[in-house]
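Visitor: Using only what follows, build the 3D model:
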Amino acid sequence: MTRMIGGKVAGGVVMVALMLPLAALAAELRAGEQPSLAANERIDGNLYIAGGSVSSAGTVSDDLIAAGGSVLVSGPVGKDAHVAGGNILILGTIGEDLRAAGGNIVVNAGVKGEVAAVGGQTTVMGSGIGGDLMWAGGTLRVDAPVAGNLRLAGGQVMIDSAIHGSVEFKGEKLTLGKSAVIDGALTYESPKEATLEDGAIVKGKTTYTPAPARSGGKALFAGVVTIAILIKMLAILACALVIGLIFKRYSSTIVEEVMAEPWTQLGRGTILIIVLPVASIVLLATIFGAPLGLLGLIAFAAVVVLGSIMAPIVLGSIVSAWIFKTEASSVTWKSILFGVLLYTVLSLLPFIGWLAKAVIFLLTIGAMLKIKRMIVQEWR
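Guide: Modelled structure (predicted):
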C-alpha cells in the first residue's frame, strides 16, 4: 500500500515538473526575490511564478504553477494548482485539482477536485475537497470534509471530519476525532490500533493489520528523502525555465562558449571557483580590503547559485543536440526539462555522477566569466 500511495503522490508531484515547461510557453511568467500577483489583478490563462517568497492574491482563470521558499495562494484559481516550496499556504479556492510538495503545507480553502500532497506537516481545513485526498509525509490533520477517498502513508494522521469514501492508511499512528465520520471502509496498517475518540464513526468494515514499529520509520525516511529530491528538482526547474526562456540569448551564448572552447572554459571555471573565495577571505583579514573581501564572497555565492541553475540548461542543450541532432545553442523548454532531469539523475550516482556534475558546473561558470569579461570590455 505504501508503494501505491507513494507512487500516486509522487506521480502527482512529478506531473508538476512535466507541466511546468508547457505552462511556460502560454503563461504569464513572474520571477524574482518576491514575485507576486496583486489582489486587483487577473490572469486570463496560466500563471507561472517562482522566487524566494511567492504570493498570488489575484485571480488566475486557468492553471497556477508556483515554486519558492514560501508560497501563499490567497486568490482563486480556475483550474489546477501545482505548488512546491518550503512553506505553502492555500487560502484561495481551487477550481480543479491541487498538487503540493513542501515542508509545511496548510490548505484552508475549498478544492473542487482531488488533492495530492507530500509534506513534513500538512493541515487540511476549509470548505472541503471534492475528490480524493492522497498524502505522504510526517504528520497530517484533516479537518475538512472529503467527498472521495483517503490514501495516506506516513507518520501520524488525525482525521476529524466527514469522509464520504473509504480510508486507507499505513504509518505510525491513526486517530479519529470526535467529528470523524467515515462512510466507507477503514483499512490501516500500523504498530498500534487506531484511537477513536467519543463520537467517531466508521460505517464500513474496519481492517487492521499490525506492523512493526520500525517499518513506518523506514518508509517515512525514504519518503522524506524522495520529497527532498523532488522539491529540489522542481526548484531548479522553475528557476532554469525562467532564466532559460526569458534570457534565452544569454543562455544560448553560454552554451556556444562551452561548445567552442570546453577546455578553456573548464580551466577558467576551476580557477574562479578556487581563487575567488580564497582571495576574498584573505582580503577580509585586512583592514582596507575587508569591503572588497565581503563583495568577493557575495559574488562567489551568486556565481555558485547562478551556475547551479545554468548548468542543467547547458547539459540539456548539449545532450539534446547530440541525441536529437538539433542546434546545440538552441535553448528550449524541452532541452531545459531534459537537462534538469539528467542533472538530478547525476546527483543520485556516487562519484561518477558527482564528478560529471562538477565538470558541467565548472564549464558553465567558465563560460559565464568569459561573457562577463566581454560585457565589461564593451563598456570601456
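Visitor: and the strand or helix carrying residue 317, what other elements does it pack with?
Guide: Using DSSP states H and E, residue 317 sits in helix 290-324. Under the contact definition 3 or more CB pairs under 8 Å, 6 or more residues apart in numbering; DSSP states H and E, helix 290-324 sits against helix 213-246, helix 248-260, helix 262-284, helix 333-347, helix 352-379. C-beta here means a position set from N, CA and C on the backbone, and glycine is covered the same way.
Visitor: The second one: how far from the chain's middle?
Guide: Centre-to-centre, helix 248-260 and its host chain are 27 Å apart (CA atoms, centre = their mean, to the nearest Å).
Visitor: relative orientation of that helix and helix 352-379 in degrees?
Guide: On the basis of axes from the mean of the first three to the mean of the last three CA atoms, to 10 degrees, helix 248-260 is oriented at 110 degrees to helix 352-379.
Visitor: Give me the buried positions along helix 248-260.
Guide: Residues of helix 248-260 classed as buried by neighbour count (16 or more other CB atoms under 10 Å): 251-259.
Visitor: which other helices and strands contact it?
Guide: Against helix 248-260 (3+ CB pairs under 8 Å, 6+ apart) you get helix 213-246, helix 290-324, helix 352-379.
Visitor: Mean neighbour count and distance to residue 330 for those - can I get that in JSON lines?
Guide: JSON lines is the format used below for the helices and strands packed on helix 248-260 (neighbours: other CB atoms under 10 Å; distance: least, CB to CB, whole Å):
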{"stretch": "helix 213-246", "mean neighbour count": "19", "distance to residue 330": "11"}
{"stretch": "helix 290-324", "mean neighbour count": "18", "distance to residue 330": "7"}
{"stretch": "helix 352-379", "mean neighbour count": "17", "distance to residue 330": "16"}
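Visitor: Out of the ones you listed, which gets nearest to residue 121?
Guide: helix 213-246 (11.8 Å; CB to CB).
Visitor: wait, isn't residue 212 in contact with residue 191?
Guide: Yes - counting by CB atoms under 8 Å, residue 191 is a contact partner of residue 212 at 6.9 Å.
Visitor: Which is the succeeding secondary structure element to the helix or strand containing residue 101?
Guide: Residue 101 is part of strand 98-111, with elements assigned from DSSP H and E. Going down the chain from strand 98-111, the next helix or strand is strand 115-129, by DSSP H and E.
Visitor: For residue 39, the count of nearby residues, please.
Guide: When neighbours are defined as other CB atoms under 10 Å, residue 39 has 12 of them.
Visitor: Next: residue 86.
Guide: The burial count for residue 86: 16, using other CB under 10 Å.
Visitor: and the helix or strand harbouring it, which strands flank it?
Guide: For residue 86, the element it lies in under DSSP H and E is strand 81-90. Here strand 81-90 has these sheet partners by DSSP bridges: strand 64-73 (parallel), strand 98-111 (parallel).
Visitor: Just the CA atoms of stretch 91-99, as CSV, please.
Guide: Output in CSV follows, covering the C-alpha atoms of stretch 91-99 (Å, rounded to 0.1, in the frame of the first residue of the first chain):
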residue,chain,number,x,y,z
LEU,A,91,-6.4,30.2,1.1
GLY,A,92,-7.9,30.7,-2.4
THR,A,93,-10.5,28.3,-3.9
ILE,A,94,-9.0,25.8,-6.4
GLY,A,95,-11.4,25.1,-9.3
GLU,A,96,-10.0,21.6,-10.1
ASP,A,97,-7.0,19.7,-8.6
LEU,A,98,-4.3,20.7,-6.2
ARG,A,99,-0.7,19.2,-6.2
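Visitor: and that stretch, how far out from the chain's middle?
Guide: 17 Å.
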